[in-house]
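*Asks:* With the input below, show me the fold.
(2 chains)
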2 protein chains.
Amino acid sequence: MPIPKLIRGHLVYNRDATRLISRRGGYIYTEDGIIKKVLSEAEGMQLAEKGVQLEDFGDKILLPGLVDLHVHAPQYSFRGIGMDLELLDWLTTYTFPEESRYGDPDYAEKAYTLFADGLRNGPTTRACVFATTHVPATLRLMELLEERGMGAYVGKVSMDRDCPDAIRETVGGGLAAVRDWLAARQGGCLVKPILTPRFIPTCSGELLDGLGRLQREYHLPVQSHLSENPAEVALVKRLCPEAETYGHAYEKHSLFGGANCPTVMAHCIYSEPKEVDLMAENGVFVAHCPQSNANLASGIAPVRAYLNRGIPVGLGTDVAGGHSLSMFRAVTDAIQVSKLRWRLVDQSLSPLSFPEALWLATAGGGAFFGNVGRLEEGYACDLLVLDDSDLPAPRTFTAEERLERLFYLGDDRNVFAKYVAGNRVK
Amino acid sequence: MPIPKLIRGHLVYNRDATRLISRRGGYIYTEDGIIKKVLSEAEGMQLAEKGVQLEDFGDKILLPGLVDLHVHAPQYSFRGIGMDLELLDWLTTYTFPEESRYGDPDYAEKAYTLFADGLRNGPTTRACVFATTHVPATLRLMELLEERGMGAYVGKVSMDRDCPDAIRETVGGGLAAVRDWLAARQGGCLVKPILTPRFIPTCSGELLDGLGRLQREYHLPVQSHLSENPAEVALVKRLCPEAETYGHAYEKHSLFGGANCPTVMAHCIYSEPKEVDLMAENGVFVAHCPQSNANLASGIAPVRAYLNRGIPVGLGTDVAGGHSLSMFRAVTDAIQVSKLRWRLVDQSLSPLSFPEALWLATAGGGAFFGNVGRLEEGYACDLLVLDDSDLPAPRTFTAEERLERLFYLGDDRNVFAKYVAGNRVK
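*Replies:* Sure, this is the predicted structure:
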């Protein structure tokens, strides 16, 4: 029987996509992993007095958990080095050789344990994760995340061309591997599989066709990459001359959104108007990865334009294109690059504010997981409890200022506690 | 009598402006705060066996200390908040009200202690620091830095227009205050005064004339701001219609470099060709502040162009335009924005590599302090000892990779020890 619980702290969260709200001594009333109600001090005290279990964090800041909408688990091992190349060369020089190591179960165990611990210790509560092509390592990664109570979609990567032998599949072998993976995974409702064709350059039409069939058979969501780098976009034009845009090259295999195929595409920096139309029409999620897009000299995505079009947007760390696994950084990086884009590229698209970027990192990415990312009745009880006591100042700040400051200055040490679906995971 | 000393570790540092060199078990032989020699394992052991005092840091990384060429001590108190405005509005809305508080000695004591502790705990060994217009608070700041063994130029700010009463000086009062400050400061050879006209918009020609005279009388170096923001540059054009460029508006008061007036100017994003010519001619240092330039939507300075012209360049955090006091971040931010500038603005100016950005943060900024910022005979013994053991990975890395990784992923916790002029300060 689900035990109801009260969690108390200084609530600071989005009233809507552009404004914050602060409630000192607010209560989250939760049952069975779901938020039943957000209560005032008086309402919460009343329930607590009636004997409902209370976890009281005093004046620590309480907000929805952060959602990392795009991260590569096997690349965590080499984050922070080798960022002197653009995307395609970076993949062949650093990334594919590293991912080839995950055929070795010992290496995968060591590396994925570090990744899972890193994710658990930081402010992320849910993540959309790329693994590698290897089935055993991907299954182990899912277990490691589950053991730590994290929420995640995890994808065994599919690819059958233009990559080293160790991680290149045949069409038949690759599709069979997806079936093996789906059959072998142990249930668990927080860590779920997601179809993961790496991107058009490494996936033949035949493979994508097969993945499209698997998508319809298993009703799986889809994650991939889209329009990250000019040379990549040009390559896709050469590989798929018949596709109107890069996005259409996924769509012809039924792997690009729509009601029955929730899809998230990372980057979307160079999406042309017809691609953007298709994203809007099909409700394709954009995983905006500002740090990676700077490190690999990719550019800056026009996030404001996507928001104006009603396209769903979340934020991703994209480790190891991004060097940091911290979603605090993803939020502040998103703000910074939006300012640079406004200045250098297009002054008709205003920069993101802190409340807006926080919204993207919570409700924005959370929507890909269903009712996730908001402090509202019926949403998953994913919470962060943040402690800013190690960030002293000579004067006091408002709660909204404390939160902003913590995102800019803080790190894993400031994540005092974390709940995913009502369970305390840190 | 100066006691010679050996400091041993895994040396990783710039062979020159573009390449790193690594020496496992290298020794720094130092005497009287100066590097006498960089020794190999065999040479070092020989001296150690002869009884020269040894501090052995094993396989920890040893490199030159980092130089923050532009930071505002009184703004440390509100770093990480209030970055939703451009420069001129940001100054009047957030910065000037905060700086006005430093007339209160208690507030200054509290705030400057936090700043000095922050600087001591991080990877910075030398800094060019702006204080406020207040003489007592500025003197106290200098003491606090001196007590912690930091190397610094500290400037009492001068300004006499377009700012709140609490920090606006008269011409006579402002010049007298500089004299009072210089007379009152207690000797100390690591923390030294620097003339600090805030910038043209808040300094009348009369005040600048007086400061120019003081510069020649006291032989002080100069720091200020230059061409940071388009609205600021336009304002200077209106205020000084007779000056050919913003830089010339300093130069006519003899406050813009030259053999007898070492000068560092922060930002230099919008310097027009004639201003750049003058900077090159007069050897004016550029303090490049990438994080601040993103936060205040200022833009991205063409650092590569300055390097090509032989203009001396260092890096600055520019707290609180920059939110982080960490020079690790200044290095990685400089690389990131150089990539974005290459992509979005000018592909004829190649991005900075990690060794290049490290060079700017050590030898580049260090040159403003004299023989500082290199592991070479005759240079100040400013050293960092970095510990990357809390950044585990499933495989090993080269020493150069360990260093790069540490700059991208690390923080104050990774600064195991720090030497300024041969004294251990952390």
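*Asks:* Now the phi/psi pair for the residue nearest to A:Gln291 when sequence neighbours are not counted, please.
*Replies:* Residue nearest to A:Gln291 in three dimensions, not counting chain neighbours: A:Gly322, with 3.8 Å by Cβ to Cβ, 6 or more residues apart in numbering or on different chains. In short, each C-beta sits where N, CA and C put it, glycine included. Main-chain torsions, A:Gly322, degrees, to the nearest 10: phi -80, psi 140.
*Asks:* ok, A:Gly322 - contacts?
*Replies:* The contact partners of A:Gly322, taken as Cβ atoms under 8 Å, 6 or more residues apart in numbering or on different chains, are A:79, A:289, A:291-292, A:295, A:316, A:329-330.
*Asks:* same thing with A:Ala301?
*Replies:* Per Cβ under 8 Å, 6+ apart, neighbours of A:Ala301: A:267-269, A:286, A:288, A:290, A:293.
*Asks:* Need the residues you listed in CSV (columns: distance to A:Arg140).
*Replies:* Formatted as CSV, the contacts of A:Ala301 follow (distance: Cβ to Cβ, whole Å):
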residue, distance to A:Arg140
A:His267, 28
A:Cys268, 31
A:Ile269, 33
A:Val286, 30
A:His288, 29
A:Pro290, 30
A:Asn293, 30
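*Asks:* Now, the residues you listed that are in strands?
*Replies:* Using DSSP state E, A:267, A:286, A:288 are the members of the contacts of A:Ala301 that sit in strands.
*Asks:* right, and out of these, which lies closest to B:Leu239?
*Replies:* A:His288 (40.4 Å; Cβ to Cβ).
*Asks:* Is it correct that the closest one is in contact with A:Thr317?
*Replies:* No: using Cβ atoms under 8 Å, A:His288 makes no contact with A:Thr317, being 10.7 Å away.
*Asks:* quick one, helices of the stretch 101-250 of chain A?
*Replies:* For the stretch 101-250 of chain A, applying DSSP state H, counting those that start in this stretch gives helices covering A:105-121, A:135-147, A:171-184, A:205-218, A:230-239, A:246-251.
*Asks:* most tightly surrounded among the ones you listed?
*Replies:* A comparison of those by mean neighbour count, using mean count of other Cβ atoms under 10 Å in any protein chain shown, puts helix A:246-251 on top with a mean of 25.
*Asks:* average pLDDT for that one?
*Replies:* Mean pLDDT, computed over helix A:246-251, is 98.
*Asks:* before we move on, what about stretch A:272-286?
*Replies:* 98.
*Asks:* Can you give the contact residues for it?
*Replies:* Identification of contacts with stretch A:272-286 by Cβ under 8 Å, 6+ apart yields A:69, A:226-227, A:244-248, A:251, A:256-259, A:262-265, A:267-268, A:271, A:301, A:303, A:305-306, A:309-314, A:365, A:367-368.
*Asks:* Next, the buried residues of that stretch.
*Replies:* A:275-276, A:278-279, A:282-286 (16 or more other Cβ atoms under 10 Å in any protein chain shown).
*Asks:* For that stretch, what is the distance to the chain centroid?
*Replies:* 19 Å (Cα atoms, centre = their mean, to the nearest Å).
*Asks:* Dump it to CSV, keeping only the CA atoms.
*Replies:* Coordinates of each C-alpha in stretch A:272-286 appear next as CSV, following Å, rounded to 0.1, in the frame of the first residue of the first chain:
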residue,chain,number,x,y,z
GLU,A,272,16.0,24.5,-42.5
PRO,A,273,12.5,25.9,-42.6
LYS,A,274,10.9,22.7,-44.0
GLU,A,275,12.6,20.6,-41.3
VAL,A,276,11.3,22.9,-38.6
ASP,A,277,7.8,22.7,-40.1
LEU,A,278,8.0,18.9,-39.9
MET,A,279,9.4,19.0,-36.3
ALA,A,280,6.5,21.3,-35.3
GLU,A,281,3.9,19.2,-37.1
ASN,A,282,5.2,15.9,-35.6
GLY,A,283,5.9,17.3,-32.1
VAL,A,284,9.5,16.3,-32.3
PHE,A,285,11.4,17.3,-29.1
VAL,A,286,14.6,19.3,-29.4
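*Asks:* residue contacts, the residue nearest to the spatial centre of chain A?
*Replies:* In chain A, the residue lying closest to the centroid (Cα atoms, centre = their mean) is A:Leu69, at 1.6 Å. By Cβ under 8 Å, 6+ apart, the contact set of A:Leu69 is A:127-128, A:264, A:266, A:285, A:287-288, A:314-316, A:364-365, A:368.
*Asks:* and stretch A:190-208, how far out from the chain's middle?
*Replies:* 17 Å.
*Asks:* tilt between the helix or strand hosting the residue nearest to the centre of chain A and helix A:105-121?
*Replies:* Element membership for A:Leu69, per DSSP states H and E: strand A:66-72. Angle, strand A:66-72 to helix A:105-121, by axes from the mean of the first three to the mean of the last three Cα atoms, to 10 degrees: 160 degrees.
*Asks:* ok, A:Leu235 touching A:Leu88?
*Replies:* Yes: between A:Leu235 and A:Leu88 there is a contact at 7.1 Å, judged by Cβ under 8 Å.
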